[in-house]
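# A predicted structure for the sequence below; I have some questions about it.
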Amino acid sequence: MHEQDVREFINDTRHRYDFILVDLEEAQYSPAWVNAPEFLTACRECLAADGVLTVNLIPRDRQHYTRALAGIREVFERLTLCLPVPGHDNQLIMAFRSPPELRGLDERLPATATRWGINFQPYWEAVQANNPSGSGIL
């Protein structure tokens, strides 16, 4: 366990991670520095070749959401997917270090659901509904 400012940790670590989750809030919203290019670039550099950064974005308003998503997409070369959190203003923004393999995902979902005990189909449908073609990886 590490107890230090995540910005310092991300900048100082030499480890590469498969998954990084940023789930922070200040005064009920995502702090501005979470979407800063410096922080996002440091997170990207900490990811393994096929790693994923997921930001639980809690935007103040539509402009905050648009700016934050644009910043994440710029740093991650548009390799992103968005997933709304039902009943909340949150958006999970998944940013990939390299393009994920989505071909055949529909056929792989049942086995993955069995393995993990989670029905992933509704999440995949929400991803497809909330990520228009050309907006990210889709």
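Now that the structure is in, tell me what you want to look at.
# hey, let's count contacts and neighbours off CA atoms from now on
OK.
# mind giving me the packing neighbours of the lengthiest strand in the chain?
Identified as the longest strand of the chain according to DSSP state E is strand 47-57. Judged by 3 or more Cα pairs under 8 Å, 6 or more residues apart in numbering; DSSP states H and E, the packing partners of strand 47-57 are strand 17-22, strand 91-96.
# can you give me the distance of V55 to F39?
12 Å (Cα to Cα, to the nearest Å).
# which helix or strand lies directly C-terminal to the lengthiest helix in the chain?
Scanning the chain for the longest helix, with DSSP state H as the assignment, gives helix 62-75. As assigned by DSSP states H and E, the chain's next helix or strand after helix 62-75 is strand 80-84.
# given that following strand, what are its sheet partners and their directions?
Note on strand 80-84: by DSSP bridges, its sheet partners are strand 91-96 (antiparallel).
# averaged pLDDT, the partner strand. What do you get?
On average, the pLDDT along strand 91-96 is 96.
# just the residues contacting it, thanks.
50-58, 69, 72-73, 76, 78-85 (Cα atoms under 8 Å, 6 or more residues apart in numbering).
# so, low pLDDT: which residues of the protein?
Along the chain, the parts satisfying pLDDT under 70 run over 1.
# contact partners for the residue in it sticking out farthest from the centre?
Centroid-distance maximum for the chain: T114 at 24.0 Å, with Cα atoms, centre = their mean. Shown in contact with T114 (Cα under 8 Å, 6+ apart): no residues.
# how close does it sit to E8?
In terms of Cα to Cα, T114 sits 39 Å off from E8.
# repeat that for I93.
22 Å.
# neighbour-wise, which of the two wins?
Ranked by neighbour count (other Cα atoms under 10 Å), I93 and E8 place I93 first, with 23 against 11.
# nearest residue to that one other than its sequence neighbours?
In space, and not counting its chain neighbours, I93 is closest to C82: 4.7 Å by Cα to Cα, 6 or more residues apart in numbering.
# show the contacting residues for the one you found.
Contacts of C82 (Cα under 8 Å, 6+ apart): Q91, L92, I93, M94, V127, N130, N131.
# if you rank these by neighbours, which is first?
I93 (23 neighbours).
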